[in-house]
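Here is my input, please return the structure:
(one chain, ligands or ions: 1)
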Amino acid sequence: MKPQELVKDIFDVGIIDWTMQDFHGFYTPHGVTYNSYLIMAEKICLIDTVKAVYSGEFLDNIKKIIDPKKIDCIIINHVEPDHSGSMPAIAAACPNAKFYISRQGKGEAIEHYGDIFDFEVVKAGDSLSLGNKTLQFIPVPMLHWPDSMITYLVEDKILFSNDAFGQHYCTSKRFDDEVDTGILYYEVKKYFANILLPYAKLIGNALKTVNKLDLQLIAPGHGCIWRSHIKELLAKYEEWGKGTKSSKLIIVYDTMWGGTEAMARAITRGASSAGITVKLFRYDNVNKSDIAAELLTAGGILFGSPTQNSGMMPNLGGLFTYLKGLKPIGKKAAAFGTLGWSGGAQKDMEEFMIKAGLEVETGYNCKWRPRSEEILTAEQFGYDFAQKLK
Ligand code: FEO
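Numbers count the residues shown, from 1 in each chain. Below you'll find the model as predicted:
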């Protein structure tokens with residue numbers, strides 16, 4: 001079966017990894033795609049490659065359209081191995097092709113695969129003529145690595161955006177208006193929260209350039225291709241890059257003998273009674289990547305843990321370490337939980353919250369198991385915290 005022609009002379013030759021559920025710790029229940037595009041212009045051009053393990057299937061996709069020896073140009077927008085893993089296989093199959101890459105990308109590619117490619121380094125403002133079509137290169141360093149760039153196809157008004165605007169969502173349909181938009185928007189939010197959030201301050205500058213482009217399609221390196229919701233997508237990126245203002249509250253807890261869980265439920269009732277949206281998660285049955293996604297569009301987060309061995313329960317340490325790397329923007333936070341004799345969980349959690357850049361508010365704890373009056377106090381704590389988010 002021939003790969004799908006997205007618009008005239010431009011084909012989707014990437015790979016759909018339907019059963020991939022864990023992308024280096026990022027939970028991907030809808031699988032992962034490694035998108036690559038073949039432009040059949042007067043000069044034939046391949047945009048990005050795919051994960052190494054799929055090199056054979058990738059080359060088969062290309063061969064259904066053209067003999068790889070006829071490919072003239074290969075654009076490497078980003079060297080992370082999900083996009084570059086097939087570079088060695090492609091270099092061997094396309095002996096007449098030159099690789100176009102950023103200066104940082106060239107160094108990274110040589111470090112990964114050896115000095116085996118015919119590179120031409122490109123920079124901001126450079127363009128490449130494919131004869132009847134023109135590519136323009138736009139560096140977007142740190143979105144997602146120092147090498148990252150995006151490539152604009154002028155005549156067809158297509159932005160090949162690599163990681164930017166991606167989502168981990170496999171479907172047999174390729175366009176945003178052909179799929180479940182609820183899943184699509186959740187997955188693009190989750191992708192931003194887990195991959196791009198540490199570099200959110202750079203999004204604004206990239207958007208200034210992207211907003212000036214006349215766009216018919218945004219064709220990312222992962223997931224569906226945007227053609228009907230481009231304006232909404234750009235508005236979401238603008239909002240997330242600045243930090244979403246919201247009264248939504250996320251509550252995440254772990255529990256030993258149920259005391260902190262009872263407290264978490266009471267806090268949830270109290271916060272809900274203030275009229276805000278509240279989401280409660282027990283950390284041992286939710287993935288940190290979903291917490292990050294929920295937090296992106298929340299105004300605050302509460303962490304609950306009983307004290308165990310003078311500190312918080314160790315599971316939560318993984319979540320805090322993860323959030324410290326993501327650096328959420330402008331979120332209020334507090335800690336709660338139960339303690340037996342010495343305490344220590346609250347101090348532990350507050351120290352981690354500070355490291356994650358959260359705005360720490362006064363928390364709440366009680367000894368052993370919350371009794372009826374302490375449950376009422378926990379409800380009030382939830383209500384009062386909700387007021388701070390309004
Ligand atoms: Fe999809 Fe940064 O790689």
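
Stretch 104-113 near the ligand anywhere?
No: with Cβ under 6 Å from any ligand atom as the measure, stretch 104-113 is seen stopping short of the ligand, the closest distance being 11.1 Å. Where you see a C-beta, it was placed from the backbone N, CA and C, and this is true even at glycine.

can you tell me the average pLDDT over that stretch?
If you average the pLDDT over stretch 104-113, you get 98.

need the next SSE after the longest strand along the chain, C-terminal direction.
With secondary structure taken from DSSP state E, the chain has its longest strand at strand 332-339. Elements were assigned by DSSP states H and E; along the chain past strand 332-339, the next helix or strand is helix 345-355.

which other residues reach that following helix?
Counting by Cβ atoms under 8 Å, 6 or more residues apart in numbering, the neighbours of helix 345-355 from elsewhere in the structure are 303, 305-308, 311-313, 316-317, 320-321, 323-324, 333, 335-337, 339, 360, 363, 365.

ok, now stretch 276-289?
Counting by Cβ under 8 Å, 6+ apart, the neighbours of stretch 276-289 from elsewhere in the structure are 25-27, 190, 193-194, 247-255, 261, 264-265, 268, 271-272, 290-291, 294, 298, 315-316, 318-319, 322-323, 382, 386, 389-390.

I'd like the list of these that fall within helices, please.
Helix and strand membership here follows DSSP state H; of the contacts of stretch 276-289, those in helices are 190, 261, 264-265, 268, 271-272, 290-291, 294, 315-316, 318-319, 322-323, 382, 386, 389.

out of those residues, which are buried?
Under a neighbour-count criterion of 16 or more other Cβ atoms under 10 Å, the subset of those counted as buried comprises 190, 261, 264-265, 268, 271-272, 290-291, 294, 316, 319, 322-323, 382, 386, 389.

In PyMOL, how would I select the buried members of the contacts of helix 345-355?
With 16+ other Cβ under 10 Å as the criterion, this PyMOL line picks the buried residues out of the contacts of helix 345-355:
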select buried, resi 303+305+306+307+308+311+312+313+316+320+323+324+333+335+336+337+339+360+363+365
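
Now Asp82. Its backbone dihedrals?
phi -70, psi -20 (degrees, to the nearest 10).

wait, isn't Val154 in contact with Leu135?
Yes: under the contact definition of Cβ atoms under 8 Å, Val154 touches Leu135, with a separation of 7.5 Å.

Between the two, which is the more surrounded one?
For Val154 versus Leu135, the count of surrounding residues by other Cβ atoms under 10 Å is larger for Leu135: 25 against 14.

Sheet partners, orientation included, of the strand or helix carrying the more buried one?
For Leu135, the element it lies in under DSSP H and E is strand 134-139. If you go by DSSP bridges, strand 134-139 pairs up with strand 127-129 (antiparallel), strand 149-153 (antiparallel).

Against which helices or strands is the longest strand of the chain packed?
The contact analysis (3 or more Cβ pairs under 8 Å, 6 or more residues apart in numbering; DSSP states H and E) places strand 332-339 against helix 259-273, strand 300-304, helix 345-355, strand 359-360, strand 364-367, helix 372-389.

Please state the offset of the fifth one from the chain centre?
Counting by Cα atoms, centre = their mean, to the nearest Å, strand 364-367 is centred 36 Å from the centre of its parent chain.

excluding its backbone neighbours, what's nearest Ile195?
His144 (5.8 Å; Cβ to Cβ, 6 or more residues apart in numbering).

got a list of what that neighbour touches?
Contacts of His144 were listed using Cβ under 8 Å, 6+ apart, and they are His78, Glu80, Asn162, Asp163, Ala164, Ile195, Leu196, Tyr199.

what about 10 Å?
Applying Cβ atoms under 10 Å, 6 or more residues apart in numbering to His144 gives the contacts His78, Glu80, His83, Asn162, Asp163, Ala164, Gly166, Ile195, Leu196, Pro198, Tyr199, Gly221.
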